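Participant: No letters, just coordinates:
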């Protein structure tokens, strides 16, 4: 509660970060698998002594560079900006705890940028051996970036023994580190095949187009069984309470899980369909559809993973509204308005009750609920409920409703919040 907050309304409830993050993560997986794709496809072209395949590699490298470095870099900066203003307390914790992991990842990202620029702009200048070496360096840097980021991301789902030991190593090599690393590696290979469809479908030579579309389909189909196996492993290592919360007690999480299964299943027939001989125009349309299916598949998984953290942003350590469980006794005793630094009202008066309630809402609810937005809008949650039922929901938070943080205010602030929520119906 020591930081100012960004009072998003329509884009609240995680919509803004979700929109930026899913696009970035999709491109990031392409950046990892795509590096291997460039090297293996170049090796294929040189072994077959096929200049047309090498021309395709150069075309794909340009597409790859623009998409991953430019758009990927912009969305990466967007994530940092967004999380720093939406939840600065959690961002500060991640920076301080994983300082050297972040630094290592940034060095790897710098290596990615340098090597992909050399790979593309020196495509016809370096010897085949040196050019392939640059490509392998890019892939190594990209996969190491995944290695470091994976530890940080999954710490936010399963912090494990860090909660008791405070150890960096316990936080980084958390319970879901290894299954998530394998899961994302295989997902990166699948994503590479989806993006490969886009460039292969644009080729004018019908024979070459069909050859490379079938080649790209292998990148989607061959790792699929390992992708499914690692997903099952991922679920198996989740703590029992977390598994129950995600798959039994949160209806929206079940919807995300079912969507993930559906879109994952669609990838198989879609990949097979892309390998069938068809006109170029149909191939381009199908390539776009498959790319969208891949984005939706990843989006469903990321929403599912984020749902699993509720009611926390760092499980067991910090709630989504940036209040720590250790601070609950204090805030419920003296009031959240008196403990927060950046508020306009510290005392609730009858004249300012609704405006004070709005501040309580901003502090305790806005991190998860939007005001009229498409994601988790508070108006939708209030619909059909009486004032008494809404009050009962507040009492049930953190108990009968374990996916919501306990109400962290005092009784007067609860009444002010109820008065404000009454204006939203």
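Facilitator: Now that the structure is in, tell me what you want to look at. What you are looking at is a predicted structure, and each value in this text was computed from that prediction instead of being measured. Numbers count the residues shown, from 1 in each chain.
Participant: which other residues reach whatever helix or strand residue 363 lives in?
Facilitator: Residue 363 belongs to helix 353-364 when assigned by DSSP states H and E. Here helix 353-364 makes contact (C-beta atoms under 8 Å, 6 or more residues apart in numbering) with 1, 5, 7, 321, 323, 336-337, 340, 343-345, 348-349, 378, 405, 407-409, 413, 415-421, 423. C-betas here are computed from N, CA, C, even on glycine.
Participant: Now the longest helix anywhere in the chain: buried residues?
Facilitator: Within the chain, and with DSSP state H defining each element, the longest helix by residue count is helix 15-47. Of the residues in helix 15-47, those with enough neighbours to count as buried (16 or more other C-beta atoms under 10 Å) are 15-42, 45-46.
Participant: for stretch 220-228, same thing?
Facilitator: Within stretch 220-228, the residues that count as buried by 16+ other C-beta under 10 Å are 220, 221, 223, 224, 227.
Participant: start to end distance for that stretch?
Facilitator: End-to-end distance of stretch 220-228 (C-alpha to C-alpha, to the nearest Å): 12 Å.
Participant: Quick check: chain neighbours aside, which residue is closest to residue 253?
Facilitator: Taking C-beta to C-beta, 6 or more residues apart in numbering, and ignoring the residues beside it in sequence, residue 253 has residue 307 as its nearest neighbour in space, at 4.1 Å.
Participant: for the one you found, helix, strand, or coil?
Facilitator: Following DSSP: H, G, I helix; E, B strand; the rest coil, the label given to residue 307 is helix.
Participant: same deal with residue 313?
Facilitator: In terms of secondary structure, residue 313 is strand; the call rests on three-state DSSP.
Participant: Repeat that for residue 59.
Facilitator: The three-state assignment at residue 59 reads helix, by three-state DSSP.
Participant: Can you name the residues that contact it?
Facilitator: residue 199.
Participant: run the last query once more with 10 Å
Facilitator: Residue 59 sits next to 199, 200, 202, 203 when contact means C-beta atoms under 10 Å, 6 or more residues apart in numbering.
Participant: and those, which are buried?
Facilitator: Among those, those classed as buried by 16+ other C-beta under 10 Å are 199, 200, 202, 203.
Participant: I figured residue 7 hits residue 367, correct?
Facilitator: No. The pair residue 7 / residue 367 is not scored as a contact, 11.0 Å apart, by C-beta atoms under 10 Å.
Participant: Between those two, which has more neighbouring residues?
Facilitator: When neighbours are counted by other C-beta atoms under 10 Å, residue 7 and residue 367 differ, and residue 367 comes out ahead with 23 against 12.
Participant: Can you name the residues that contact that one?
Facilitator: Residue 367 makes contact with 5, 8, 12-14, 86-87, 90, 311, 313, 319-323, 405, according to C-beta under 10 Å, 6+ apart.
Participant: In strands, which of the residues you listed appear?
Facilitator: Using DSSP state E, 313, 319 are the members of the contacts of residue 367 that sit in strands.
Participant: Can you give me the domain assignment for this structure?
Facilitator: Each structural domain of the chain that the record assigns through automatic domain parsing is listed here as a residue range: 15-312, 325-422.
Participant: among those, which gets the worst mean confidence?
Facilitator: Mean pLDDT values for the domains of the chain show the minimum at domain 325-422, a mean of 90.
Participant: mind checking the end-to-end distance for that one?
Facilitator: One end of domain 325-422 sits 28 Å from the other (C-alpha to C-alpha).
Participant: what about stretch 70-80, distance to the chain center?
Facilitator: Here the centre of stretch 70-80 is set off from its chain's centre by 13 Å, with C-alpha atoms, centre = their mean, to the nearest Å.
Participant: In that stretch, which residues are buried?
Facilitator: When neighbours are counted by 16+ other C-beta under 10 Å, the buried residues of stretch 70-80 are found to be 72, 75, 76, 78.
Participant: Could you check stretch 122-139 and say which residues are buried?
Facilitator: Taking 16+ other C-beta under 10 Å as the basis for neighbour counts, the residues of stretch 122-139 that come out buried are 123, 131, 132, 134, 135, 136, 137, 138, 139.
Participant: so is the residue nearest to residue 218 when sequence neighbours are not counted in a helix, a strand, or just coil?
Facilitator: Spatially, and ignoring its direct neighbours in sequence, residue 218 is nearest to residue 193 (7.3 Å; C-beta to C-beta, 6+ apart). Following three-state DSSP, residue 193 is assigned to helix.
Participant: Residue 193 against residue 220, yeah?
Facilitator: Yes. At 3.4 Å, residue 193 and residue 220 qualify as touching, with contact defined as C-beta under 10 Å.
Participant: Of the buried residues of stretch 122-139, which belong to helices?
Facilitator: Judged by DSSP H, helices contain the following of the buried residues of stretch 122-139: 131, 132, 134, 135, 136, 137, 138, 139.
Participant: so which pair among these is furthest apart in space?
Facilitator: Comparing all pairs in these by C-beta to C-beta, the longest separation belongs to 131 and 139, at 13.3 Å.
Participant: any shared contact partners between the two?
Facilitator: Overlap of the contact sets of residue 131 and residue 139 (by C-beta under 10 Å, 6+ apart) consists of residue 39.
Participant: residues making contact with the helix or strand hosting residue 338?
Facilitator: Secondary-structure element containing residue 338, defined by DSSP H and E: helix 336-339. Judged by C-beta under 10 Å, 6+ apart, the contacts made with helix 336-339 from elsewhere in the structure are 1-2, 321, 323, 327-328, 330-331, 333, 343-348, 356, 359-360, 363-364, 407-410, 412-413, 416-417.
Participant: are any of those buried, and which?
Facilitator: Neighbour-count burial (16+ other C-beta under 10 Å) is assigned, among these, to 1, 321, 323, 327-328, 331, 343, 345, 348, 356, 359-360, 363-364, 407-410, 413, 416-417.
Participant: What residues sit buried inside stretch 194-212?
Facilitator: Buried residues in stretch 194-212, counting neighbours by 16+ other C-beta under 10 Å, are found at 194-203, 208-212.
Participant: tell me the two of these that are most distant?
Facilitator: The widest separation within those, taken as C-beta to C-beta, falls between 194 and 208 and amounts to 19.3 Å.
Participant: how about residue 124, what does it touch?
Facilitator: 54, 58, 131.
Participant: correction: residue 216
Facilitator: Going by C-beta under 10 Å, 6+ apart, residue 216 touches 37, 41, 60, 192-201, 271, 274-275, 287, 290.
Participant: change it to 6 Å
Facilitator: 193, 196, 197, 200 (C-beta atoms under 6 Å, 6 or more residues apart in numbering).
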